[in-house]
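Colleague: Prediction below, plus the sequence it came from.
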Amino acid sequence: MKKKNLVIYTLILVGLIVLLVVVSEKSKEATVNITFDEPPSLDGQPVLGDPNAKVSIVEFGDYKCPSCKQWNERIFPQLKEEYIDAGLANFAFINTLFQGEESYLASLAAEAVWAQDEEAFWTYHEALFNKQPAQQQIIPWVTKELLLEVAQNYTSDIDLAQLEVDLDQEKYIDQLEEDMQLVQDYNIEFTPSIIINGTLVKDPFDYDEIKGLIGKAVEEGQS
Ligand code: CA
């Protein structure tokens with residue numbers, strides 16, 4: 001009888017140890033960030049802040065994506081104030097066309113604005129996120145009229161007739177293809193995805209994680 005109990009207790013103990021190992025492996029998995037050998041190339045991409053900053057923050061985003069709107073309203077202003085305006089980091093935006101025709105149209109307009117005036121791009125970019133309705137809706141909100149109206153009301157030096165021609169001719173389609181190539185190269189699965197010096201942020205809404213990764217990137221840049 002005693003021997004049988006001993007066997008049972010041993011089995012329970014072994015089971016517990018196995019469970020503990022599995023759980024700890026799982027949590028280890030969850031704490032490791034995905035890293036790339038190199039950060040995405042920013043050639044031909046809008047870059048805000050010091051182009052020579054030691055830290056590069058790249059957003060893979062979509063004007064049509066509700067989480068991107070939230071990220072740009074909640075997280076981006078903190079990042080801008082604390083790191084980009086302070087010259088510690090620069091910030092780039094890569095179009096990630098995950099939501100169909102409206103993503104495409106808004107991105108085409110943003111690329112066209114950037115081609116005309118790099119400064120105006122950032123005002124336009126912010127205004128597009130602000131224009132995204134707070135509630136999801138069935139009727140498309142990204143239209144050519146809206147894209148032109150935003151340029152007219154929120155930027156000063158954009159040639160509207162040129163912007164309209166660029167949209168009609170889908171002039172910057174090659175830029176979007178380059179962006180989508182980066183999306184593929186960096187295995188981007190959701191928007192917004194944020195890469196800080198080659199490390200993918202696990203939770204783009206976790207400002208502490210972002211701060212930690214920037215701190216690490218600054219340290220590595222100094223060594
Ligand atoms: Ca681009």
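Modeller: Yep, it's here. Since the structure is predicted, the reported quantities are computational estimates derived from the model, not experimental observations.
Colleague: Tell me how many other residues surround Ala151.
Modeller: Ala151 has 26 neighbouring residues, counting by other CB atoms under 10 Å. Every C-beta, even on glycine, is put in place using the N, C-alpha and C of the backbone.
Colleague: What ranges in this protein fall below the confidence cut-off?
Modeller: 1, 22-30, 223 (pLDDT under 70).
Colleague: helix or strand for the residue most central in space within it, which one?
Modeller: Residue closest to the average C-alpha location in the chain (CA atoms, centre = their mean): Glu59, at 2.7 Å. In this structure, Glu59 is located in strand 55-61 according to DSSP states H and E.
Colleague: Contacts for that strand, please.
Modeller: Residues outside strand 55-61 that contact it (CB atoms under 8 Å, 6 or more residues apart in numbering) are 39-40, 42, 68, 71-72, 76, 79, 83-84, 88-96, 182-183, 186, 188, 191-197, 214, 217-218, 221.
Colleague: Okay, and which of those residues map to strands?
Modeller: 89-95, 193-196 (DSSP state E).
Colleague: Nearest to the ion: which residue in this protein?
Modeller: Distances between the chain and the ion by CB to the ion are smallest at Asp179, namely 4.4 Å.
Colleague: on that earlier part again, let me know the angle separating the strand holding Glu59 from strand 89-95.
Modeller: With axes from the mean of the first three to the mean of the last three CA atoms, to 10 degrees defining the directions, strand 55-61 sits at 20 degrees from strand 89-95.
Colleague: Buried residues, strand 55-61. List them.
Modeller: Neighbour-count burial for strand 55-61, counted by 16 or more other CB atoms under 10 Å, picks out 55-61.
Colleague: Glu111: which of those is nearest?
Modeller: Of all these, Glu111 sits closest to Gly61, with 13.5 Å by CB to CB.
Colleague: Who does that closest one form a beta bridge with?
Modeller: Gly61 has these beta-bridge partners by DSSP bridges: Asn95.
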